[in-house]
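> generate a structure from the sequence data that follows.
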Amino acid sequence: MKKSALMSIVLALSLAVVAGCASQGGGSSAPASSDKGDKGGSSGQKPKVQVVLKTLSSPYWKYVEAGAKKAFQDLNVDGTVTGPASESQILEQVNMLEDALNKKPDALVVAPTQPSTAIPVLKKYKDKNIPVLLVDTDTADWADKTSFIGTDNATAGKKGGEYLASLLKSGDKVALIAGALGNPATDERIKGAKEALEAKGMKIAANQPADSDKAKAMSVMENILQNNPDLKGVFAANDDMALGALRAAEAKGLKIPILGTDGTVESIESILADKLGGTVAQNPYEMGYKGVENAVKAIKGEKVEKRIDSGVEVINKENAQKKLDFLKSLTK
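Modelled structure (predicted):
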């Protein structure tokens, strides 16, 4: 009897185990698949967003980085921000894009320094169904981008040119200091400024690149002043170059209006000190934040506008303090 009872118990337990396996949907169970549509959604995984900027060495790009990192935090994103040592390191940025692709992000946010050089690797992202969102600099020759978030750079240059012209008189000689050759953002700013200045009767005495670098801009400005001692004003395609040009002018004892573009803390402090004539401020913090925000939308399959304008504002002594207070609040 005892042996018969023991056999009955073993048989009952075996039947229970078999029934339990059947309730699991068959003889084996596989881990749930994790496709792009699940990222940041029902799977519970954090969306993985890679941000590649033109550089992380200038204040402007630090604001873009700050905006992106705030979005990482607010939206629970697994995010990384990288950038070359300087804006002139075009191939270094391309290599960073290749490295980022190997890490299999769910979306890319990028400010391409030279779009024509970056497009081949951006196409690789597209081939892998990874959304690519551009910030600051658009790529007119590549229609497969998910979105562009940034400034209308031609408008920024036009506003800067119009303001500079308002400080001068028709016939005055002015200089334009451009960024790295082939950089569409700075090229468009110079184009807009040139058109506005010429429309107001200004004479363009020089139009030279300085690679968005302060020291190079100082050297370029020294050469311009040597050939044009009667120069009356300068428009530079970014603030670092405007500050470099200012140094060269001050070394010559020359007080002329010099305008930059970007609206960095250093440039605004210079305006308040009655040195730099003004700056056309973009909203880099918003570019970074909205870049990541819309990348998350794209990952989730939500609609993303093809073009998102972050706006511009001319900063002079009248509104410089208000802008400075805002920028400093970002780093508290």
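> just the CA trace of stretch 147-165, in CSV.
C-alpha atoms of stretch 147-165 as CSV (Å, rounded to 0.1, in the frame of the first residue of the first chain):
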residue,chain,number,x,y,z
SER,A,147,13.7,67.0,-39.3
PHE,A,148,15.8,70.2,-39.2
ILE,A,149,15.7,72.1,-35.9
GLY,A,150,17.5,75.5,-36.0
THR,A,151,17.9,79.0,-37.2
ASP,A,152,17.2,80.3,-40.7
ASN,A,153,20.8,81.4,-41.1
ALA,A,154,20.2,83.7,-44.0
THR,A,155,17.7,85.6,-41.9
ALA,A,156,20.1,85.8,-39.0
GLY,A,157,22.7,87.3,-41.3
LYS,A,158,20.2,89.7,-42.8
LYS,A,159,19.2,90.9,-39.4
GLY,A,160,22.8,91.4,-38.4
GLY,A,161,23.6,93.2,-41.6
GLU,A,162,20.6,95.5,-41.2
TYR,A,163,21.5,96.4,-37.7
LEU,A,164,25.2,97.0,-38.6
ALA,A,165,24.0,99.3,-41.5
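> I'd say residue 135 and residue 110 touch.
Yes. Shown here, residue 135 and residue 110 form a contact pair, counting by Cβ atoms under 8 Å, at 7.2 Å. C-beta: built from backbone N, CA, C; applies to glycine.
> what do the two both touch?
residue 53 (Cβ atoms under 8 Å, 6 or more residues apart in numbering).
> of those two, which one has the most company?
residue 135 (33 against 29; other Cβ atoms under 10 Å).
> now do the contacts for the more buried one.
Here residue 135 is in contact with 53, 64, 109-111, 148-150, 287-288, 290-291 (Cβ under 8 Å, 6+ apart).
> let's go with 10 Å and repeat that
51-54, 64, 67-68, 109-112, 147-151, 284, 286-292, 294-295, 308, 310 (Cβ atoms under 10 Å, 6 or more residues apart in numbering).
> can you give me the distance of it to residue 286?
Counting by Cβ to Cβ, to the nearest Å, the gap from residue 135 to residue 286 is 10 Å.
> joint contacts of these two?
64, 67, 149-150, 308, 310.
> lowest-confidence one in these?
The lowest pLDDT within these belongs to residue 310, which sits at 87.
> what's the neighbour count on it?
21.
> chain neighbours aside, what residue packs nearest to it?
Leaving aside its sequence neighbours, residue 310 sits nearest to residue 283 (Cβ to Cβ, 6 or more residues apart in numbering; 4.4 Å).
> state the number of residues packed around that neighbour.
21.
> may I have the phi/psi pair for it?
The phi/psi pair for residue 283 (degrees, to the nearest 10) reads phi -130, psi 70.
> what backbone torsions are found at residue 181?
Per degrees, to the nearest 10, the backbone of residue 181 is at phi -60, psi 130.
> flag the shaky bits of the protein, pLDDT-wise.
1-44, 331-332 (pLDDT under 70).
> what's the domain layout of it?
40-150+284-301, 153-281 (automatic domain parsing).
> for residue 316, which of the ones you listed is the nearest?
Between residue 316 and those, the shortest separation by Cβ to Cβ is 4.5 Å, and it involves domain 153-281.
> residues contacting residue 215?
240-241, 244, 247.
> pull out the buried positions in stretch 223-235.
Buried residues in stretch 223-235, counting neighbours by 16 or more other Cβ atoms under 10 Å, are found at 224-225, 231-235.
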